[in-house]
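> Model the structure of this input:
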Amino acid sequence: MLHEHLGQTSKKPLPVVIIGNGPSGICLSYLLSGNVPYIKRHAAHPNPILQRKLEEAPQTSILDQDIEYLSEGLEGRSSSPVALLFDSLLRPDTDFGGTADSLLSWWHQPEKAVPHLVLGKNLPGGAWHSIEGSMFTLSRGDWMALPDLQFKDWLGKKKRSFRNNRATAGDIVQYYQYYVAKKD
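Numbers count the residues shown, from 1 in each chain. Modelled structure (predicted):
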């Protein structure tokens, strides 16, 4: 049954199983589904050192570049070079109060997809299901966005907006569920 649901007919095991269907698991699944990040044409990062590095290979996917080299010198909330780089590209200067748009453009390249399965205790959203739906996020609401589908755009379609730049946990859960359905 599981193989049929995944569109697989062979009895080979899946090469990747993601444990957890929160935002990190959802993002990893998006990447493994063949969605590849590139720097937008004519995009400029506010960090001049990172900008110079990005200009060295403008037509090359971020995944095919030296992530350690690109993330050298970046600062933020994480100690992971991958997380620092992607946070910096998805939300430039956010940790320092910046509001610049994402520098990433996502190209669907099915040949790069990796068969995988995401396991979670609840519907997509992970631990966000355990938070009272009316509670507001500590982080700004637009920081809750996943790749290639802005949270603020989704919220606007629901005729809602941020309150003091914050979103409710209930909105976050609904957005993550919508995201998974929309991005398949």
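
> When you work out contacts or count neighbours from here on, use the C-alpha atoms and nothing else.
Fine.

> wait, residue 20 sits on residue 117?
No. Here residue 20 lies out of contact with residue 117, judged by Cα atoms under 8 Å, at a distance of 10.2 Å.

> residue contacts, residue 105?
Neighbouring residues of residue 105 by Cα atoms under 8 Å, 6 or more residues apart in numbering: 37, 38, 39, 40, 148.

> if you set the cut-off to 7 Å instead, what comes out?
By Cα atoms under 7 Å, 6 or more residues apart in numbering, residue 105 lies in contact with 37, 38, 39, 40.

> residues near the first one, how many?
Around residue 37 there are 22 other residues, counting by other Cα atoms under 10 Å.

> And the pLDDT for it?
Per-residue pLDDT puts residue 37 at 96.

> What sits closest to it if chain neighbours are left out?
residue 106 (4.7 Å; Cα to Cα, 6 or more residues apart in numbering).

> again, but for residue 68
Using Cα to Cα, 6+ apart, the nearest residue to residue 68 is residue 81, at 6.2 Å.

> My read is that that neighbour contacts residue 70, right?
No. Under the criterion of Cα atoms under 7 Å, residue 81 is not in contact with residue 70, lying 8.7 Å apart.

> List the buried residues of the longest helix seen in the chain.
Longest helix in the chain by number of residues (criterion: DSSP state H): helix 169-183. In terms of neighbour count (16 or more other Cα atoms under 10 Å), helix 169-183 has its buried residues at 169, 170, 171, 172, 173, 174, 175, 176, 179, 180.

> same question, stretch 33-52
33, 34, 35, 36, 37, 38, 39, 44, 45, 50.

> tell me the contacts of the closest residue to the first one other than its chain neighbours?
Meaning residue 33. Nearest residue to residue 33, sequence neighbours excluded (Cα to Cα, 6+ apart): residue 113, at 4.6 Å. Counting by Cα under 7 Å, 6+ apart, residue 113 touches 32, 33, 34.
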